[in-house]
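Colleague: Fold the following for me, if possible:
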Amino acid sequence: MPNPYESLYTDPIAPIIPAAGQKPRKVRWWIYALLSLLVMATVAAGALLVVKMIFDMNQPTDVAAVAPTDTPEPTSTVPAPTKQAEPAQVVEVIPTAVPTDVLEKEISPINLVWVKEGVGANLRAEPAGQVLAVVPNGTAVEIQDTKEVSGTNWVKISSGIYAGWMAKGLVFTITGDSAVYHVVNEGAYVREKAWGAVLDTLQSGTPIIVTGEAVADTDTFEGAVKLNWTPVRLLDGRTGWIASHLIEK
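Modeller: Next up, the predicted model:
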């Protein structure tokens, strides 16, 4: 019959706790030492592994060590600069000076020929001389000279067509800033005031000078027609009022 304790002394892995009816085996000291070393080595290895992991986590990534990939570089979306057009050359416009003679003509008085009765005034070769032509009413002329003969004043006039002498009383001067109007229809009365006494009767086409704004009729007598009246000055210097609808520029 084999010795039941023989394996206990020869097999260190055998159970330390004996079975019922058996004597406990004797455990050698080196077995404990070996087991202790094994446990310590395992713990040390685990600790080193944890330390290494922590160390690796705290290290910066080496970007240069990353191998390049075959991913193509993105195409630049920034548009290429375009050549800007050169700005158009600014041409400085220098205003042309108005000739002095033009300014003088614009502000110079206007001389008009006019006779109350008839269609025009006689043009003569010399004062009280032979009649050359009849200058129509309203003709603008230039006065070149004046002369008195036998108590009558004469003026030497010229225009685009006519040149000669004329009685000074038949040429009326109107300043350049005057508002010159003409009588229309078949003629008009010039009155002292609206519906007032008649100062003169003007033929159609007679030039007159408007001296102010038209005003509404204020007379209320029976049968009166409500009109607008304009203040005027005649060529001979007299002033009055005329119905506004009987004149135009």
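
Colleague: Could you measure from W229 over to R191?
Modeller: Distance, W229 to R191, by CB to CB, to the nearest Å: 8 Å. Yep, even glycine has a C-beta here, placed from its N, CA and C like the rest.

Colleague: Name the residues contacting each of those two.
Modeller: Residues touching both W229 and R191 (CB atoms under 8 Å, 6 or more residues apart in numbering): 241-242.

Colleague: Neighbour count for these two, which is higher?
Modeller: W229 (21 against 17; other CB atoms under 10 Å).

Colleague: tell me the domain ranges of this structure?
Modeller: As given by automatic domain parsing, the domain ranges for the chain are 6-55, 105-174, 179-248.

Colleague: Next, format the ones you listed as JSON lines and append mean pLDDT.
Modeller: Shown next, in JSON lines, are the domains of the chain (pLDDT from 0 to 100):
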{"stretch": "domain 6-55", "mean pLDDT": "68"}
{"stretch": "domain 105-174", "mean pLDDT": "87"}
{"stretch": "domain 179-248", "mean pLDDT": "85"}
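
Colleague: Could you list every helix and strand that the longest strand anywhere in the chain packs against?
Modeller: Using DSSP state E to assign secondary structure, the strand with the most residues in the chain is strand 140-149. Here strand 140-149 touches strand 110-113, strand 152-158, going by 3 or more CB pairs under 8 Å, 6 or more residues apart in numbering; DSSP states H and E.

Colleague: at 10 Å what do you get?
Modeller: Helices and strands touching strand 140-149, by 3 or more CB pairs under 10 Å, 6 or more residues apart in numbering; DSSP states H and E, are strand 110-113, strand 152-158, strand 163-167, strand 171-174.

Colleague: Could you point out the helix or strand that follows whichever strand or helix holds V180?
Modeller: Using DSSP states H and E, V180 maps to strand 179-183. Remark: after strand 179-183, the chain's next helix or strand is strand 188-191, criterion DSSP H and E.

Colleague: re earlier: can you list the strands that the strand holding V180 pairs with?
Modeller: Sheet partners assigned to strand 179-183 using DSSP bridges are listed as strand 207-210 (antiparallel), strand 247-248 (antiparallel).

Colleague: ok so, going back, mind saving the C-alpha coords of the longest strand of the chain as PDB?
Modeller: Provided in PDB are the C-alpha atoms of strand 140-149 (Å, rounded to 0.1, in the frame of the first residue of the first chain):
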ATOM      1  CA  ALA A 140     -35.600 147.700 -82.200                       C
ATOM      2  CA  VAL A 141     -32.900 150.200 -83.300                       C
ATOM      3  CA  GLU A 142     -29.600 151.600 -82.100                       C
ATOM      4  CA  ILE A 143     -29.200 155.300 -81.600                       C
ATOM      5  CA  GLN A 144     -26.000 156.600 -83.100                       C
ATOM      6  CA  ASP A 145     -26.300 160.400 -82.900                       C
ATOM      7  CA  THR A 146     -28.700 163.200 -81.900                       C
ATOM      8  CA  LYS A 147     -29.300 166.600 -83.400                       C
ATOM      9  CA  GLU A 148     -31.700 169.500 -82.900                       C
ATOM     10  CA  VAL A 149     -33.100 171.200 -86.000                       C
END
